[in-house]
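> Using only what follows, build the 3D model:
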Amino acid sequence: LYKFYKRGKLASQPERFIRILNTNIDGSYNLIKGMKCIKGIGLRFSQSLCNTLNKCYYMKIGSIKEKTLSKILFILNSIHKSKIPFWLHNCRNNLKPSPLNHLCSGRLESQTKNDIEKECKLRSNRGIRYSLGLKHRGQHTKTNGRKGRTLGVIRKKKK
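Purely as a prediction, here's the structure:
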């Protein structure tokens, strides 16, 4: 799940890119900023991830050893076994209780797509608005978000 793309022939140089969970991360980023590049991981979650690993926040992600990267992957794949608090997980309210309370990258995208399809099948108000392409979070739609329709008044041509 992770690969190294080395900058030069020397092993002491930091890697240019690191691939974690199908996401290319620039090796010059620090640990927090690099983890934020992964979809489903934010600032607070990456800080708590660094705290569980006992690593410095500002360590370059390109200079991290493979052992710590494997620890990061283990924590991301089994968050229920780590010391990350439950209120940081992004799928706490799932109907099916499972150890996958926090989803990242591809899993998160497929879960949101399935949720939208479920809303459309149930024909709830939110699902209907999804299928019509309208806003569904209570915004006003009279003047904003017209999506390419002509704006303004069309005047009659003078003779």
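
> CA atoms for contacts and neighbours, from now on please.
Fine.

> Please report phi then psi for the residue nearest the centre of the chain.
By Cα atoms, centre = their mean, the mean C-alpha position of the chain lies nearest to residue 39, the distance being 1.9 Å. When quoted as degrees, to the nearest 10, the phi and psi of residue 39 stand at phi -70, psi 130.

> Nearest residue to it in space, please, no chain neighbours.
Setting aside the residues directly before and after it, residue 39 is nearest to residue 105 in space (Cα to Cα, 6 or more residues apart in numbering), at 4.8 Å.

> What is the neighbour count of the one you found?
Close neighbours of residue 105, defined as other Cα atoms under 10 Å, add up to 16.

> Enumerate every residue touching it.
Contacts for residue 105 (Cα atoms under 8 Å, 6 or more residues apart in numbering) come out as 21-23, 38-40.

> Filter those residues down to just the buried residues.
Buried by 16 or more other Cα atoms under 10 Å: 21, 23, 38-40, out of those.

> Of these, which belong to strands?
If you go by DSSP state E, the buried ones among the contacts of residue 105 have residue 23 in strands.

> ok, so of the buried ones among the contacts of residue 105, who is nearest residue 158?
Closest approach between those and residue 158, by Cα to Cα: residue 39, at 55.6 Å.
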